[in-house]
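Undergrad: please work out how this folds:
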Amino acid sequence: MTGFLEGKTGVVLGVANKRSLAWGCAKALSAQGMRLAFTYVGERLEKGVRALASELPGSIVVPCDVTVDADIDAAMKAIKDEFGHLDTVVHAVAFAKREELGGNFFDTSREGYQVAHEVSAYSLTAVAKRALPLMEGRNGSIVTLTYIGSERVIENYNVMGIAKAALEASVRYLAHDVGPRGIRVNAISAGPIRTLSASGITGFNEILDHIASRAPLRRNITADEVGDVCAFLASDMSRGITGSTIYVDAGYNIMGV
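TA: All right, here's what the predicted structure looks like:
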């Protein structure tokens, strides 16, 4: 049986390890037949990303620091040389300095604010711009990952909440720009999961416990659930959806208190 993404190609930015939401997305895309490219930043992460990519047939691995335009250009060239085109971009890149994820938001440093926004928000625009030539005429899909801290105050999330709000606004503006080219742009707002990035948030265990007790489904979510929605957004089944934020959070976003 062939998958509903058979013959399509994609790039996944932001895989850190097997617990990454990006890895959950990659597994779901690959399971439906998509051939993938993975990116990594620096030698420290390269070995792990290559090991994971080797588990998915036909995958390639390319270096890419999203804060360096020349790196994004080189990554897209490598993808073009190998795949010839691109159908899906999964942007799962986010970063803030650990010292900014705690205490008062008004203590956020200028540098910390800029770093969080450059990596977590602007990088989507930078990558999308360079992916467009490979996606033209293919009814492509760009998917990014966000969190409810963009619209509500989550204690200790601080500058990342502001960066995620900018990311979600970017999704809407990009969707408007690239829609005439047949390309869709959406965000998945995932519930909290024990990932490498989440480990930097003070009180994260309390957040998990609270959501499990208050969400309509009375549990937390899994990376595989996020991955399945990513595969849906990458497919023609979601061809009428763009500029949207899709919640995968066991329903927590509907709750008032």
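
Undergrad: in this protein, what spans have low per-residue confidence?
TA: 1, 195-201 (pLDDT under 70).

Undergrad: what's the distance between residue 189 and residue 247?
TA: 5 Å (Cβ to Cβ, to the nearest Å). C-beta here means a position set from N, CA and C on the backbone, and glycine is covered the same way.

Undergrad: hey, what's in contact with both of the two?
TA: Common contacts of residue 189 and residue 247 (Cβ atoms under 8 Å, 6 or more residues apart in numbering): 148, 253.

Undergrad: the two: who's more crowded?
TA: Remark: of residue 189 and residue 247, residue 189 carries more neighbours, 21 against 18, as counted by other Cβ atoms under 10 Å.

Undergrad: give the contact list for that one.
TA: 146, 147, 148, 150, 245, 246, 247, 248, 249, 253.

Undergrad: and if you look at residue 211?
TA: Neighbouring residues of residue 211 by Cβ under 8 Å, 6+ apart: 191, 192, 220, 249, 250, 252.

Undergrad: can you list those residues in a markdown table and add distance to residue 65 and secondary structure?
TA: Shown next, in a markdown table, are the contacts of residue 211 (distance: Cβ to Cβ, whole Å; DSSP: H, G, I helix; E, B strand; the rest coil):
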| residue | distance to residue 65 | secondary structure |
| --- | --- | --- |
| 191 | 29 | coil |
| 192 | 27 | coil |
| 220 | 32 | coil |
| 249 | 30 | coil |
| 250 | 34 | coil |
| 252 | 33 | helix |
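
Undergrad: which residues does the most centrally placed residue in the chain contact?
TA: What sits nearest the mean C-alpha location of the chain, by Cα atoms, centre = their mean, is residue 92, with 2.4 Å. Residues in contact with residue 92 (Cβ under 8 Å, 6+ apart) are 12, 13, 14, 15, 20, 21, 22, 25, 144, 145.

Undergrad: looking at those, which are in helices?
TA: 21, 22, 25 (DSSP state H).

Undergrad: need the longest helix for this structure.
TA: Longest helix in the chain, counting by DSSP H: helix 159-178.

Undergrad: alpha carbons only: can I get it in PDB?
TA: C-alpha atoms of helix 159-178 as PDB (Å, rounded to 0.1, in the frame of the first residue of the first chain):
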ATOM      1  CA  VAL A 159      10.600  35.900  25.500                       C
ATOM      2  CA  MET A 160       9.700  32.700  23.700                       C
ATOM      3  CA  GLY A 161       6.000  33.500  24.000                       C
ATOM      4  CA  ILE A 162       6.700  36.800  22.300                       C
ATOM      5  CA  ALA A 163       8.800  35.100  19.600                       C
ATOM      6  CA  LYS A 164       6.000  32.500  19.000                       C
ATOM      7  CA  ALA A 165       3.500  35.300  18.600                       C
ATOM      8  CA  ALA A 166       5.700  36.900  15.900                       C
ATOM      9  CA  LEU A 167       6.000  33.400  14.300                       C
ATOM     10  CA  GLU A 168       2.200  33.000  14.100                       C
ATOM     11  CA  ALA A 169       1.800  36.500  12.600                       C
ATOM     12  CA  SER A 170       4.500  35.500  10.100                       C
ATOM     13  CA  VAL A 171       2.400  32.500   9.100                       C
ATOM     14  CA  ARG A 172      -0.500  34.700   8.200                       C
ATOM     15  CA  TYR A 173       1.500  37.200   6.200                       C
ATOM     16  CA  LEU A 174       3.400  34.500   4.400                       C
ATOM     17  CA  ALA A 175       0.200  32.600   3.600                       C
ATOM     18  CA  HIS A 176      -1.100  35.800   2.000                       C
ATOM     19  CA  ASP A 177       2.100  36.300  -0.100                       C
ATOM     20  CA  VAL A 178       2.600  32.700  -1.300                       C
END
